[in-house]
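Engineer: Just the structure for this:
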Amino acid sequence: MLEKIAAPLRRLFDCPACHRVRRRLAPVLRHFDGPRHHRFELVFMRVLFALVVYQAMPLGKPFTDGALRLADTVAPGKLRAILIDKKKNEALRPPFLPISQMLPNSELAMDFPGQPKPVGLAKAMDLTFFSKPAVVRALPWIVIPCLLLYAAGVGLPVVLPILTFVNVGSRTLYDSQGFIHHGYQMLSLVLVAQTVVVLTHTLRGDWRATFGLRRAEPIDGRTVWDWMIRYSQWMIIGCYVIAGVVKPIRSDGEWFAKSKYIGLSVVKTHRQNYYGNLDEEWNIPEPRVAKIMLEEHPHLTRIFLTAGVMLEIFAFLALYNRFTALAIGFLLVVFHFINDHIMGLYFYVNEKLDWIFLVNLPFWIWWLFLRRRRLGQEQEVGEAVPEPEIEAAAA
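Structural biologist: Alright, predicted model coming up:
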């Protein structure tokens with residue numbers, strides 16, 4: 001059956017027209033292969049990513065407020081006063097995240113005795129064991145060592161599947177309560193992608209590198225860490241592109257004309273989330289989004305939301321090179337801030353991943369340092385001395 005389907009496809013792709021298209025697109029596609037990352041970038045990325053994963057883990061107390069209690073020990077009440085005051089908490093926003101989102105605090109422990117509306121993995125197995133007291137007590141002893149090993153680049157074929165299962169399993173249990181929360185979807189996909197890359201390299205015989213027993217050597221032009229970063233970028237961009245493409249398709253093209261009603265849907269969702277489960281997370285003042293979108297600025301709303309969808313659809317341009325990754329990544333951060341500020345739709349985890357894998361501040365700080373050093377040499381010598389590593393780094 002598969003051969004009957006594959007044979008016509010092979011003939012189609014082997015036709016002269018397809019060969020001409022591939023030949024003309026080859027120079028462009030080579031650029032989309034993306035840059036190779038320096039060792040210091042990989043270290044920053046994996047340490048910061050380990051922090052984001054830790055923040056998403058359902059470890060419960062004392063890990064949910066550990067940073068706050070530590071701050072109270074050093075300077076009693078100072079950090080707590082900042083977090084309580086909304087303006088102080090968001091003093092760095094935009095472009096950065098609220099201070100509360102930068103603290104190394106984990107999520108609350110799972111507390112769901114059943115899975116009344118199972119989704120995904122919950123259809124195949126009972127995930128309520130994540131709520132059992134013994135498992136809740138054991139999770140920190142499993143997760144934290146795995147995160148430390150991940151940050152050190154050691155034992156990836158073991159620690160990554162464990163971290164992925166805990167993240168996906170616990171979030172699936174949460175979603176199986178009858179309400180779907182998309183806040184950790186991108187993080188889960190990045191973990192899955194990195195796990196697949198590591199296991200693939202391990203099975204191909206590069207297990208010493210994946211276990212951190214020797215320095216990783218390039219395979220097909222990249223080291224295992226470089227492949228992990230690249231697949232992470234693909235997962236992030238894929239989330240945005242799919243979200244952007246689905247909107248007009250599912251609405252038969254009417255999404256743009258009816259986009260002003262999103263404000264009403266946001267308010268309804270907030271109220272349903274609160275009254276359905278009395279979740280204090282959703283007991284918040286309603287944004288003025290419905291009135292702004294429906295009554296005050298309906299046409300401006302259409303333009304703004306259309307621009308947001310276009311940004312999602314063309315987010316794949318971030319894969320072209322470092323400059324486009326920086327530009328698209330920063331625009332996505334601004335996009336999330338505006339959604340949070342106007343509609344109360346916050347996706348802090350997505351923002352963190354954009355900062356780590358797309359914006360990549362450590363590289364640009366290093367790049368600016370090299371540029372400044374080059375300008376200093378030009379002023380001393382009086383003549384521009386090209387430095388290939390600077391230009392190659394930004395490519």
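Engineer: ok, which stretches of this protein are strands?
Structural biologist: Applying DSSP state E to the chain gives no strands.
Engineer: what stretches of it score poorly on pLDDT?
Structural biologist: 1-14, 18-19, 22, 25-31, 253-299, 301, 378-395 (pLDDT under 70).
Engineer: Please parse it into its domains.
Structural biologist: 42-60+112-217, 65-105, 243-359, 361-395 (automatic domain parsing).
Engineer: Would you convert these into TSV that also reports mean neighbour count?
Structural biologist: For every residue, glycine as well, the C-beta is placed using N, CA and C. What follows is the domains of the chain, written out as TSV (neighbours: other C-beta atoms under 10 Å):
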stretch	mean neighbour count
domain 42-60+112-217	17
domain 65-105	14
domain 243-359	17
domain 361-395	12
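Engineer: would you list those domains in JSON lines and tack on distance to Arg20?
Structural biologist: Shown next, in JSON lines, are those (distance: least, C-beta to C-beta, whole Å):
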{"stretch": "domain 42-60+112-217", "distance to Arg20": "33"}
{"stretch": "domain 65-105", "distance to Arg20": "44"}
{"stretch": "domain 243-359", "distance to Arg20": "23"}
{"stretch": "domain 361-395", "distance to Arg20": "27"}
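Engineer: Quick one: closest of those to Cys15.
Structural biologist: Among those, the nearest to Cys15 by C-beta to C-beta is domain 243-359 (25.9 Å).
Engineer: and the closest one, how far apart are its ends?
Structural biologist: 20 Å (C-alpha to C-alpha, to the nearest Å).
Engineer: Could you do stretch 314-321 as well?
Structural biologist: Counting by C-alpha to C-alpha, you get 14 Å between the two ends of stretch 314-321.
Engineer: so how far is that stretch off the chain centroid?
Structural biologist: 15 Å (C-alpha atoms, centre = their mean, to the nearest Å).
Engineer: Now do that stretch: everything it contacts.
Structural biologist: By C-beta atoms under 8 Å, 6 or more residues apart in numbering, the surrounding residues in contact with stretch 314-321 are 31-32, 34-35, 233-234, 237, 240-241, 244, 324-325, 327-329, 332, 358, 394-395.
Engineer: Which of those fall within helices?
Structural biologist: Among these, the members falling in helices (DSSP state H) are 31, 233-234, 237, 240-241, 244, 324-325, 327-329, 332, 394.
Engineer: closest to Tyr174 among those residues?
Structural biologist: Tyr240 (22.8 Å).
Engineer: so how far is Asn167 from the closest one?
Structural biologist: 20 Å (C-beta to C-beta, to the nearest Å).
Engineer: Next: Pro35.
Structural biologist: 28 Å.
Engineer: now do Ala71
Structural biologist: For Ala71 relative to Asn167 (C-beta to C-beta), the value is 27 Å.
Engineer: how distant is stretch 228-245 from the center of its chain?
Structural biologist: Counting by C-alpha atoms, centre = their mean, stretch 228-245 comes out at 9 Å from the chain centroid.
Engineer: Run through the helices of the stretch 1-150 of the chain in chain order.
Structural biologist: For the stretch 1-150 of the chain, the helices defined by DSSP state H, counting those that start in this stretch occupy 2-13, 16-31, 39-56, 66-74, 78-84, 86-89, 133-152.
Engineer: Now tabulate those helices in a markdown table and tack on distance to Met228.
Structural biologist: A markdown table is the format used below for those (distance: least, C-beta to C-beta, whole Å):
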| stretch | distance to Met228 |
| --- | --- |
| helix 2-13 | 29 |
| helix 16-31 | 21 |
| helix 39-56 | 8 |
| helix 66-74 | 27 |
| helix 78-84 | 33 |
| helix 86-89 | 33 |
| helix 133-152 | 10 |
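Engineer: which stretch among these comes nearest Trp364?
Structural biologist: helix 39-56 (10.4 Å).
Engineer: Other residues contacting the closest one?
Structural biologist: Against helix 39-56 from outside (C-beta under 8 Å, 6+ apart): 37, 101, 104-107, 143-144, 147-148, 150-151, 153, 163, 167, 184, 187, 190-191, 225-226, 229, 232, 349, 352-353, 355-357, 360, 362-363, 366.
Engineer: let's go with 6 Å and repeat that
Structural biologist: Contacts with helix 39-56, where a contact means C-beta atoms under 6 Å, 6 or more residues apart in numbering, come from 147, 150-151, 184, 187, 225, 352, 356, 362-363.
Engineer: quick one: which two of those residues are the most distant?
Structural biologist: Taking C-beta to C-beta, no two of the contacts of helix 39-56 sit farther apart than Tyr184 and Phe363, at 26.2 Å.
Engineer: so how far is Val135 from Trp141?
Structural biologist: Taking C-beta to C-beta as the measure, Trp141 falls 11 Å from Val135.
Engineer: In contact with the closest residue in space to Leu191 that isn't next to it in sequence, which residues?
Structural biologist: Counting by C-beta to C-beta, 6 or more residues apart in numbering, Leu191 lies nearest to Thr164, which is 4.3 Å off, once chain neighbours are set aside. Shown in contact with Thr164 (C-beta under 6 Å, 6+ apart): 191-192, 195.
Engineer: Please apply the same query to Glu90.
Structural biologist: By C-beta under 6 Å, 6+ apart, the residues touching Glu90 are Pro98.
Engineer: how close does it get to Ile82?
Structural biologist: 10 Å.
Engineer: burial measure for Ala17, as a count.
Structural biologist: Burial of Ala17 is recorded as 8 neighbouring residues (other C-beta atoms under 10 Å).
Engineer: for stretch 58-72, how far is the first residue from the last?
Structural biologist: Stretch 58-72 has an end-to-end distance of 23 Å (criterion: C-alpha to C-alpha).
Engineer: ah, wrong one, I meant stretch 308-324
Structural biologist: 17 Å.
Engineer: go on, stretch 59-74?
Structural biologist: In stretch 59-74, first residue to last residue: 24 Å (C-alpha to C-alpha).
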